[in-house]
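>>> Sequence plus predicted model, see below.
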Amino acid sequence: MARFDLNGKTVVITGASGGIGAETALAFARRGAKLALSGRNRELLRQTRERVQAAGAEAWVVPADVTKPEEVKDLVAKATELTGRLDVMVLGAGIGAVGEASRMPAEDFRKLMEVNFWGVLHGFYAALPHFIKQGFGQFIIINSLSGKIAMPMSSNYCASKFALRGFAEAAQIELKGKNIDLISVYPSFVDTPFQNRVMTQDYTVPKGLSKSWFGDRPEKIAGLIVNASAHRKPEVICTLYGNFGARFLPMSDILSWLFEQQAYTFARRILRPKRATERSGT
(Lines give C-alpha, C1' and ligand atoms only; values in the text may rest on other atoms or scores of the structure.)
Protein backbone atom coordinates (compact mmCIF):
# COMPACT_ATOMS: atom_id res chain seq x y z
CA MET A 1 0.00 0.00 0.00
CA ALA A 2 1.36 3.42 -0.98
CA ARG A 3 2.29 5.83 1.79
CA PHE A 4 0.06 8.81 2.47
CA ASP A 5 1.88 12.11 2.00
CA LEU A 6 0.65 14.48 4.72
CA ASN A 7 2.29 17.63 3.39
CA GLY A 8 -0.37 20.19 2.48
CA LYS A 9 -3.23 17.95 3.56
CA THR A 10 -6.14 19.23 5.65
CA VAL A 11 -6.62 17.46 8.98
CA VAL A 12 -9.68 18.04 11.17
CA ILE A 13 -9.28 17.04 14.82
CA THR A 14 -12.08 16.81 17.37
CA GLY A 15 -10.96 16.90 20.99
CA ALA A 16 -8.06 19.19 20.00
CA SER A 17 -8.18 21.36 23.13
CA GLY A 18 -5.66 19.24 25.02
CA GLY A 19 -4.11 15.86 25.69
CA ILE A 20 -3.79 13.44 22.78
CA GLY A 21 -5.77 15.70 20.43
CA ALA A 22 -3.54 18.74 20.92
CA GLU A 23 -0.34 16.72 20.60
CA THR A 24 -1.68 15.01 17.49
CA ALA A 25 -2.33 18.42 15.93
CA LEU A 26 1.27 19.39 16.63
CA ALA A 27 2.58 16.12 15.17
CA PHE A 28 0.56 16.59 11.97
CA ALA A 29 1.77 20.20 11.78
CA ARG A 30 5.37 19.01 11.76
CA ARG A 31 4.52 16.89 8.70
CA GLY A 32 3.28 19.97 6.83
CA ALA A 33 -0.45 19.47 7.30
CA LYS A 34 -3.06 22.22 7.72
CA LEU A 35 -5.18 21.89 10.85
CA ALA A 36 -8.81 22.61 11.73
CA LEU A 37 -8.95 22.35 15.52
CA SER A 38 -12.25 21.56 17.18
CA GLY A 39 -13.59 21.15 20.70
CA ARG A 40 -15.78 23.09 23.11
CA ASN A 41 -13.18 25.18 24.97
CA ARG A 42 -12.25 28.11 22.73
CA GLU A 43 -9.37 29.31 24.91
CA LEU A 44 -7.68 25.91 25.02
CA LEU A 45 -8.20 25.55 21.27
CA ARG A 46 -6.50 28.92 20.74
CA GLN A 47 -3.56 27.70 22.80
CA THR A 48 -3.30 24.60 20.60
CA ARG A 49 -3.47 26.80 17.50
CA GLU A 50 -0.59 28.94 18.78
CA ARG A 51 1.55 25.85 19.26
CA VAL A 52 0.68 24.57 15.79
CA GLN A 53 1.43 27.93 14.19
CA ALA A 54 4.74 28.13 16.08
CA ALA A 55 5.61 24.83 14.39
CA GLY A 56 5.13 26.55 11.03
CA ALA A 57 1.71 25.20 10.07
CA GLU A 58 -1.59 26.85 9.23
CA ALA A 59 -4.35 26.30 11.78
CA TRP A 60 -7.90 27.42 12.44
CA VAL A 61 -10.13 27.12 15.49
CA VAL A 62 -13.61 25.77 14.69
CA PRO A 63 -15.47 24.99 17.94
CA ALA A 64 -18.09 22.26 17.88
CA ASP A 65 -19.93 19.93 20.25
CA VAL A 66 -19.64 16.39 18.85
CA THR A 67 -22.97 15.40 20.39
CA LYS A 68 -24.71 17.85 18.03
CA PRO A 69 -24.61 16.55 14.44
CA GLU A 70 -25.39 19.92 12.86
CA GLU A 71 -22.38 21.50 14.60
CA VAL A 72 -20.15 18.68 13.33
CA LYS A 73 -21.47 19.12 9.79
CA ASP A 74 -20.71 22.83 10.08
CA LEU A 75 -17.20 21.98 11.31
CA VAL A 76 -16.49 19.88 8.22
CA ALA A 77 -18.00 22.50 5.91
CA LYS A 78 -15.98 25.29 7.53
CA ALA A 79 -12.73 23.33 7.38
CA THR A 80 -13.30 22.61 3.70
CA GLU A 81 -14.15 26.25 3.02
CA LEU A 82 -11.05 27.53 4.84
CA THR A 83 -8.54 25.14 3.30
CA GLY A 84 -10.15 24.10 0.04
CA ARG A 85 -10.00 20.41 0.88
CA LEU A 86 -10.58 17.68 3.48
CA ASP A 87 -8.19 14.74 3.77
CA VAL A 88 -8.07 13.39 7.34
CA MET A 89 -10.75 13.33 10.04
CA VAL A 90 -9.35 12.59 13.50
CA LEU A 91 -12.19 11.69 15.84
CA GLY A 92 -10.72 12.11 19.30
CA ALA A 93 -13.31 13.68 21.61
CA GLY A 94 -14.24 11.47 24.55
CA ILE A 95 -15.12 11.26 28.24
CA GLY A 96 -14.58 8.59 30.91
CA ALA A 97 -16.40 7.13 33.90
CA VAL A 98 -15.74 4.70 36.74
CA GLY A 99 -17.95 2.83 39.17
CA GLU A 100 -19.69 -0.47 39.77
CA ALA A 101 -22.15 -1.51 37.08
CA SER A 102 -24.83 -2.16 39.72
CA ARG A 103 -24.70 1.50 40.82
CA MET A 104 -24.11 3.34 37.55
CA PRO A 105 -27.09 5.50 36.55
CA ALA A 106 -28.54 4.75 33.13
CA GLU A 107 -28.08 8.43 32.33
CA ASP A 108 -24.30 8.02 32.65
CA PHE A 109 -24.40 5.22 30.08
CA ARG A 110 -26.36 7.46 27.72
CA LYS A 111 -23.94 10.36 28.19
CA LEU A 112 -20.88 8.22 27.44
CA MET A 113 -22.53 6.71 24.36
CA GLU A 114 -23.55 10.19 23.21
CA VAL A 115 -19.96 11.44 23.29
CA ASN A 116 -17.77 8.38 22.77
CA PHE A 117 -19.92 6.56 20.21
CA TRP A 118 -22.39 8.94 18.60
CA GLY A 119 -19.87 11.79 18.70
CA VAL A 120 -17.60 9.71 16.47
CA LEU A 121 -20.43 8.69 14.17
CA HIS A 122 -21.48 12.31 13.72
CA GLY A 123 -17.96 13.12 12.53
CA PHE A 124 -17.83 10.02 10.35
CA TYR A 125 -21.06 10.80 8.52
CA ALA A 126 -20.22 14.50 8.19
CA ALA A 127 -16.93 13.77 6.41
CA LEU A 128 -17.90 10.62 4.49
CA PRO A 129 -19.70 12.35 1.57
CA HIS A 130 -16.60 14.49 0.95
CA PHE A 131 -14.33 11.46 0.94
CA ILE A 132 -16.60 9.48 -1.39
CA LYS A 133 -16.93 12.40 -3.80
CA GLN A 134 -13.16 12.99 -4.06
CA GLY A 135 -12.32 9.29 -4.10
CA PHE A 136 -10.07 9.22 -1.04
CA GLY A 137 -9.87 10.17 2.60
CA GLN A 138 -8.84 8.94 5.99
CA PHE A 139 -10.65 8.48 9.30
CA ILE A 140 -8.63 8.10 12.51
CA ILE A 141 -10.70 6.96 15.48
CA ILE A 142 -9.16 7.33 18.94
CA ASN A 143 -10.59 4.39 20.84
CA SER A 144 -9.11 2.89 24.04
CA LEU A 145 -7.64 -0.36 25.27
CA SER A 146 -10.99 -0.57 27.09
CA GLY A 147 -12.47 -1.16 23.63
CA LYS A 148 -10.37 -4.32 23.33
CA ILE A 149 -10.35 -5.63 26.90
CA ALA A 150 -13.23 -5.35 29.37
CA MET A 151 -12.08 -3.43 32.44
CA PRO A 152 -13.90 -3.82 35.80
CA MET A 153 -15.27 -0.68 37.42
CA SER A 154 -15.78 1.00 34.03
CA SER A 155 -18.54 -0.98 32.34
CA ASN A 156 -20.24 2.05 30.79
CA TYR A 157 -16.95 3.34 29.36
CA CYS A 158 -16.14 -0.13 28.01
CA ALA A 159 -19.62 -0.37 26.48
CA SER A 160 -19.10 2.86 24.53
CA LYS A 161 -15.64 1.81 23.35
CA PHE A 162 -16.61 -1.76 22.42
CA ALA A 163 -19.50 -0.36 20.38
CA LEU A 164 -17.08 1.98 18.66
CA ARG A 165 -14.70 -0.87 17.88
CA GLY A 166 -17.48 -2.97 16.36
CA PHE A 167 -18.58 -0.12 14.15
CA ALA A 168 -15.03 0.70 13.07
CA GLU A 169 -14.04 -2.87 12.21
CA ALA A 170 -17.15 -3.41 10.10
CA ALA A 171 -16.95 -0.02 8.36
CA GLN A 172 -13.24 -0.51 7.68
CA ILE A 173 -14.00 -3.56 5.52
CA GLU A 174 -16.65 -1.69 3.54
CA LEU A 175 -14.48 1.39 2.93
CA LYS A 176 -11.47 -0.43 1.48
CA GLY A 177 -13.06 -0.58 -1.94
CA LYS A 178 -13.67 3.18 -1.86
CA ASN A 179 -10.01 4.10 -1.16
CA ILE A 180 -10.97 5.45 2.27
CA ASP A 181 -8.81 4.46 5.22
CA LEU A 182 -10.21 3.85 8.68
CA ILE A 183 -7.56 3.64 11.38
CA SER A 184 -8.41 2.68 14.97
CA VAL A 185 -6.03 3.70 17.76
CA TYR A 186 -6.11 2.00 21.17
CA PRO A 187 -4.20 3.88 23.90
CA SER A 188 -4.07 2.68 27.50
CA PHE A 189 -3.14 4.98 30.40
CA VAL A 190 -1.97 8.31 29.01
CA ASP A 191 -0.53 11.11 31.13
CA THR A 192 -3.20 13.75 30.42
CA PRO A 193 -5.92 15.42 32.55
CA PHE A 194 -8.46 12.92 31.11
CA GLN A 195 -8.51 10.73 34.25
CA ASN A 196 -9.04 13.81 36.41
CA ARG A 197 -12.36 14.51 34.68
CA VAL A 198 -14.00 11.09 34.68
CA MET A 199 -17.61 10.83 35.79
CA THR A 200 -18.15 8.96 39.06
CA GLN A 201 -20.67 9.27 41.86
CA ASP A 202 -19.11 6.78 44.30
CA TYR A 203 -15.34 7.08 43.93
CA THR A 204 -12.52 9.61 43.79
CA VAL A 205 -9.95 9.11 41.04
CA PRO A 206 -6.45 9.97 42.29
CA LYS A 207 -4.80 12.98 40.66
CA GLY A 208 -1.98 12.02 38.35
CA LEU A 209 -3.18 8.41 38.15
CA SER A 210 -1.78 7.79 34.67
CA LYS A 211 1.62 9.24 35.50
CA SER A 212 1.98 7.23 38.70
CA TRP A 213 1.10 4.03 36.81
CA PHE A 214 3.59 4.56 33.96
CA GLY A 215 1.13 6.13 31.56
CA ASP A 216 2.35 7.00 28.10
CA ARG A 217 3.11 10.57 27.21
CA PRO A 218 0.52 12.07 24.81
CA GLU A 219 3.39 13.04 22.48
CA LYS A 220 4.19 9.34 22.04
CA ILE A 221 0.59 8.49 21.18
CA ALA A 222 0.48 11.41 18.74
CA GLY A 223 3.60 10.10 17.03
CA LEU A 224 2.03 6.67 16.66
CA ILE A 225 -1.13 8.23 15.22
CA VAL A 226 0.69 10.27 12.59
CA ASN A 227 2.89 7.32 11.68
CA ALA A 228 -0.22 5.16 11.25
CA SER A 229 -1.73 7.86 9.04
CA ALA A 230 1.35 8.10 6.82
CA HIS A 231 1.66 4.31 6.51
CA ARG A 232 -2.11 3.72 6.34
CA LYS A 233 -2.09 1.18 9.16
CA PRO A 234 -5.57 -0.14 9.99
CA GLU A 235 -4.93 -0.47 13.73
CA VAL A 236 -2.54 0.73 16.43
CA ILE A 237 -2.45 -0.74 19.94
CA CYS A 238 -0.21 1.65 21.79
CA THR A 239 1.51 -0.40 24.51
CA LEU A 240 3.34 -3.71 24.76
CA TYR A 241 1.00 -4.98 27.50
CA GLY A 242 -1.98 -3.77 25.49
CA ASN A 243 -0.84 -5.76 22.47
CA PHE A 244 -0.27 -8.82 24.65
CA GLY A 245 -3.65 -8.54 26.35
CA ALA A 246 -5.64 -7.82 23.21
CA ARG A 247 -4.08 -10.70 21.30
CA PHE A 248 -3.60 -13.44 23.92
CA LEU A 249 -6.26 -13.01 26.63
CA PRO A 250 -9.06 -14.19 24.30
CA MET A 251 -7.02 -17.35 23.59
CA SER A 252 -6.55 -18.49 27.19
CA ASP A 253 -9.15 -19.05 29.92
CA ILE A 254 -6.40 -19.11 32.55
CA LEU A 255 -4.84 -15.82 31.41
CA SER A 256 -8.29 -14.24 31.21
CA TRP A 257 -9.14 -15.36 34.75
CA LEU A 258 -5.84 -14.07 36.13
CA PHE A 259 -6.33 -10.74 34.38
CA GLU A 260 -9.87 -10.36 35.69
CA GLN A 261 -8.74 -10.96 39.27
CA GLN A 262 -5.79 -8.60 39.05
CA ALA A 263 -7.68 -5.87 37.20
CA TYR A 264 -10.53 -5.86 39.70
CA THR A 265 -8.13 -5.81 42.65
CA PHE A 266 -6.17 -2.98 41.03
CA ALA A 267 -9.31 -0.91 40.37
CA ARG A 268 -10.62 -1.33 43.91
CA ARG A 269 -7.22 -0.43 45.35
CA ILE A 270 -6.70 2.84 43.47
CA LEU A 271 -10.27 4.19 43.61
CA ARG A 272 -11.14 5.80 46.94
CA PRO A 273 -14.83 5.55 47.92
CA LYS A 274 -16.39 8.96 48.41
CA ARG A 275 -17.83 9.98 51.73
CA ALA A 276 -21.60 10.43 51.91
CA THR A 277 -21.20 14.21 51.93
CA GLU A 278 -19.10 14.05 48.74
CA ARG A 279 -21.67 11.88 46.96
CA SER A 280 -24.48 14.22 47.88
CA GLY A 281 -22.48 17.28 46.87
CA THR A 282 -22.77 18.92 50.28
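Structure's in. What do you need? Owing to the predicted nature of the structure, the values given are computational and were not obtained by experimental measurement.
>>> which residue sits closest to the residue nearest to the spatial centre of the chain, ignoring its sequence neighbours?
Taking C-alpha atoms, centre = their mean, the centroid of the chain lies closest to residue 142, which sits 2.9 Å from it. Using C-beta to C-beta, 6 or more residues apart in numbering and skipping residues adjacent in sequence, the residue nearest residue 142 is residue 92, 4.1 Å away. For the C-beta atoms, the positions are set from N, CA and C on the backbone; glycine is no exception.
>>> ok, the one you found - contacts?
13-16, 20-21, 24, 140, 142 (C-beta atoms under 8 Å, 6 or more residues apart in numbering).
>>> Next step: these restricted to strands.
With strands defined by DSSP state E, the entries of those inside them are 13-14, 140, 142.
>>> Residue 40 belongs to a strand, doesn't it?
No - assigned with DSSP: H, G, I helix; E, B strand; the rest coil, residue 40 falls outside any strand and is coil.
>>> does the spatially closest residue to it that is not a sequence neighbour count as helix, strand or coil?
Nearest residue to residue 40 in three dimensions, chain neighbours excluded: residue 65, at 5.7 Å (C-beta to C-beta, 6+ apart). Secondary structure, three-state DSSP: residue 65 is coil.
>>> my read: residue 65 touches residue 75, true?
No - here residue 65 does not reach residue 75: they are 9.7 Å apart, not a contact under C-beta atoms under 8 Å.
>>> Please identify which of these two sits among more neighbours.
residue 75 (25 against 18; other C-beta atoms under 10 Å).
>>> State the distance from that one to residue 40.
Using C-beta to C-beta, to the nearest Å, residue 75 is found at 12 Å from residue 40.
>>> intersection of neighbour lists for the two?
Joint contacts of residue 75 and residue 40 (C-beta under 8 Å, 6+ apart) are residue 64.
>>> Which pair of the ones in strands among the contacts of residue 92 spans the longest distance?
Greatest spatial distance among these (C-beta to C-beta): 14 and 140, at 10.5 Å.
>>> Now the common contact residues for the two.
With C-beta under 8 Å, 6+ apart, residue 14 and residue 140 have common neighbours 90-92.
>>> what's the closest of the residues you listed to residue 238?
Distances from residue 238 to those, taken by C-beta to C-beta, are shortest for residue 92, at 13.4 Å.
>>> Please report phi then psi for the closest one.
phi -120, psi 0 (degrees, to the nearest 10).
>>> And residue 107, by the same measure?
phi -60, psi -30.
>>> Compute the distance between it and residue 62, please.
From residue 107 over to residue 62 (counting by C-beta to C-beta), the distance is 29 Å.
>>> can I assume residue 185 is in contact with residue 234?
No - if you go by C-beta under 8 Å, residue 185 and residue 234 don't touch, sitting 10.5 Å apart.
>>> re the thing from before, so for residue 107 and residue 62, which sits in the more crowded spot?
residue 62 (23 against 9).
>>> Enumerate every residue touching that one.
12, 36-38, 75, 78-79, 82.
>>> from what I can see residue 49 touches residue 58, true?
No - with contact defined as C-beta under 8 Å, residue 49 and residue 58 do not form a contacting pair (9.7 Å).
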